[in-house]
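> The following block contains a protein sequence and its predicted model.
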Amino acid sequence: MLNHNIETFIGCDCAYQEADTVLFGAPFDSTTSFRPGARFGSRAIRSESFGLETYSPYQQADLMDCAVLDSGDLELPFGAPKRALAGIRERTAIILADGKRPFLLGGEHLVTLGAVQAVIQRHPDLRIIHFDAHADLRQEYLGEELSHACVLRRCWELLGDGRIHQFGIRSGDREEFQWAKEHVATRLFDFEGLDRTLAGLGAAPVYLTVDLDVLDPSVFPGTGTPEAGGVSFQALLDAVLQVCQRANIAACDVNELAPIYDPSGGSTAAACKLVREMLIALSK
């Protein structure tokens, strides 16, 4: 007798009732400003994860021992960011209401806003840690306020001053950097000061958002808006593990893999390994 083929991220197939963390994909890239294709990111991460082992030599732990469910991709409307965000917000709220941690796979970075809208309803004192090449603090981009170039500005409107901490930023227009000085904490180029930031957060709930273009394009060309001068994979892995192990993570995401721009598959492999390490660290 044949069974249905239900593809999940490797090792993430426990029952929903038992899961501590629930993965879901948001295949949306309708506001991408340069090269589209991030809508294929979550599917590629899920499929290519089977090139990995479930065991992490970095943490000496196995994903098979973690209570994680991959609940699949949402079906989101193209060209309708408000409706797409509503779908992401609804799925995130359901996971939170059941006492579990949402882990969102993008998609372009705008998808983060839908998840944050849900998380802040449950955790009004939420903080955001943001790894990215781009500040994403524009008020609007080409007349649109719902854009991946504006996502952290929209999040700031929900959280207010001093509650967004950015690292790795190396791109943005002049207005963004001037505005950031008054409203958010921005570390340019690298992760220096992350330890102090985490110490200052204490037990406050944290949303971690990782835009994979924080990586240098020589390491990670498979993204829609590559920016030279980024961090190494090891530097990003170290920073992500530090956050996942020390912060009170209420929810998180990994976004902006556009696999079609890296036919070698190396970018997707890097994204898969980062997700595996985050899942294990969160479970530990």
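Great, that's in hand. Numbers count the residues shown, from 1 in each chain.
> Distance check, Thr32 against Pro259.
Applying Cβ to Cβ, to the nearest Å, the value for Thr32 to Pro259 is 14 Å. For the C-beta atoms, the positions are set from N, CA and C on the backbone; glycine is no exception.
> same thing with Gly229?
22 Å.
> ok, these two, which is more surrounded?
Pro259 (21 against 11; other Cβ atoms under 10 Å).
> Sticking with the spatially closest residue to the more buried one that is not a sequence neighbour, tell me its helix or strand.
Among residues not flanking Pro259 along the chain, Ala44 sits closest, at 4.1 Å (Cβ to Cβ, 6 or more residues apart in numbering). Per DSSP states H and E: Ala44 is located in helix 41-48.
> Check which helices and strands that helix is in contact with.
strand 21-26, strand 68-73, strand 101-106, helix 266-283 (3 or more Cβ pairs under 8 Å, 6 or more residues apart in numbering; DSSP states H and E).
> Which positions within the last one qualify as buried?
Burial within helix 266-283, assessed by neighbour count using 16 or more other Cβ atoms under 10 Å, is assigned to 267-283.
> Figure out how far that helix is from the centre of its chain.
Distance of helix 266-283 from the chain centroid (Cα atoms, centre = their mean, to the nearest Å) equals 11 Å.
> That one vs strand 68-73, what angle?
For helix 266-283 against strand 68-73, the angle by axes from the mean of the first three to the mean of the last three Cα atoms, to 10 degrees is 130 degrees.
> Using PDB, list the CA coordinates for helix 266-283.
The C-alpha atoms that make up helix 266-283 are tabulated as PDB, following Å, rounded to 0.1, in the frame of the first residue of the first chain:
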ATOM      1  CA  GLY A 266      25.100  26.400  -2.200                       C
ATOM      2  CA  SER A 267      22.800  29.200  -1.000                       C
ATOM      3  CA  THR A 268      19.900  26.900  -0.300                       C
ATOM      4  CA  ALA A 269      22.300  24.500   1.500                       C
ATOM      5  CA  ALA A 270      23.500  27.400   3.700                       C
ATOM      6  CA  ALA A 271      19.900  28.400   4.500                       C
ATOM      7  CA  CYS A 272      19.000  24.800   5.400                       C
ATOM      8  CA  LYS A 273      21.900  24.500   7.800                       C
ATOM      9  CA  LEU A 274      21.100  27.800   9.500                       C
ATOM     10  CA  VAL A 275      17.400  26.700  10.000                       C
ATOM     11  CA  ARG A 276      18.600  23.300  11.400                       C
ATOM     12  CA  GLU A 277      20.900  25.000  13.900                       C
ATOM     13  CA  MET A 278      18.200  27.500  14.900                       C
ATOM     14  CA  LEU A 279      15.700  24.800  15.500                       C
ATOM     15  CA  ILE A 280      18.100  22.700  17.700                       C
ATOM     16  CA  ALA A 281      19.200  25.800  19.600                       C
ATOM     17  CA  LEU A 282      15.600  26.800  20.300                       C
ATOM     18  CA  SER A 283      14.800  23.400  21.500                       C
END
